[in-house]
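Participant: just a sequence and a predicted model for now, questions to come.
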Amino acid sequence: MSRGALARLRKSGGGESRFGPYLYLSNLQYFVVQFVVSLRWSPAFSLHHNTISDLGNTACGRFNGRYVCSPLHTLMNVSFIVLGVTMIAGSVLIGHALPPTRARNLGFLFMAIAGVGVVVVGIIPENTVSALHGLGATLPFTFGNVGVIVLGLSLTLPRALRLVTLSLGTVALAALVFYASSHYLGLGEGGIERLVAYPQTVWLILLGGYLLVQGRERTKNDLARS
């Protein structure tokens, strides 16, 4: 990542520095909330059988052939909405702070579109309007994971982070093919869905952390030279 880009990301008072990377990094909440919500299930929540959306299901009973009862479904749906909003806002802010290229703009646009889908997932739980919920989930599964690969190829990243980025995007898209064709590879519907959904969120957290660390390092170096 260029020196000028990092300078823009850490500029005092700049929205990009204060909010963009922090918004991406804040998506740690998504995993914490899932864990907390799953603890309230009885019988126990199954990572193998239950999907992520089951945590936001607002009713108790059989749903798509599996038992669902999520007492903290409101918390989960708020978490979905927060994740989606931070994906949209973080992509806009970070994308604006970096030197623009067509590929970078496309990658951040895809990530923002994915964020819109996640918001839809939170607003429309799976047991309400299933078709719209499914459409919402399709956006991060497709646009989000393609966006990860596009940004992995277009951003100037350390070799290790670039490799991790491309690996996460590739695994997620490969898992999407199996998930869409109902081939769960012994992981169950819940397990294979997580291979589709989690990589992009992990990547958002990694990129947010990387940008923050690089910005602070650049600040220290500038202060040492002053």
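Facilitator: Nice, I can see it.
Participant: just give me the residue closest to the centre of this protein.
Facilitator: Thr201 (2.8 Å; C-alpha atoms, centre = their mean).
Participant: buried ones in the helix or strand that contains that one?
Facilitator: Thr201 belongs to helix 188-225 when assigned by DSSP states H and E. Residues of helix 188-225 classed as buried: 188-208, 210-212, 214-215, 218 (neighbour count, 16 or more other C-beta atoms under 10 Å). Heads up, the C-betas are built off the backbone N, CA and C, glycines and all.
Participant: right, and the residue nearest to the centre of the chain touches Asn27 too?
Facilitator: Yes - Thr201 is within contact range of Asn27, at 5.5 Å (criterion: C-beta atoms under 8 Å).
Participant: joint contacts of those two?
Facilitator: Shared contacts of Thr201 and Asn27 (C-beta atoms under 8 Å, 6 or more residues apart in numbering): Leu83.
Participant: picking that back up, what about the helix holding Thr201, average pLDDT?
Facilitator: Helix 188-225 carries an average pLDDT of 82.
Participant: swap in stretch 104-122?
Facilitator: 98.
Participant: contacts for it, please.
Facilitator: 53, 56, 77-81, 83-88, 91-92, 94-95, 98, 132-133, 135-140, 143-144, 146-148, 150-151, 154-155, 200, 204.
Participant: that stretch: how far from the chain's middle?
Facilitator: 9 Å (C-alpha atoms, centre = their mean, to the nearest Å).
Participant: on that earlier part again, list the contacts for the residue nearest to the centre of the chain?
Facilitator: With contact set as C-beta under 8 Å, 6+ apart, Thr201 has these partners: Asn27, Tyr30, Phe31, Leu83.
Participant: so what's the residue count around the first one?
Facilitator: Around Asn27 there are 21 other residues, counting by other C-beta atoms under 10 Å.
Participant: give the contact list for it.
Facilitator: Here Asn27 is in contact with Leu83, Thr86, Met87, Thr201, Leu204, Ile205, Gly208 (C-beta under 8 Å, 6+ apart).
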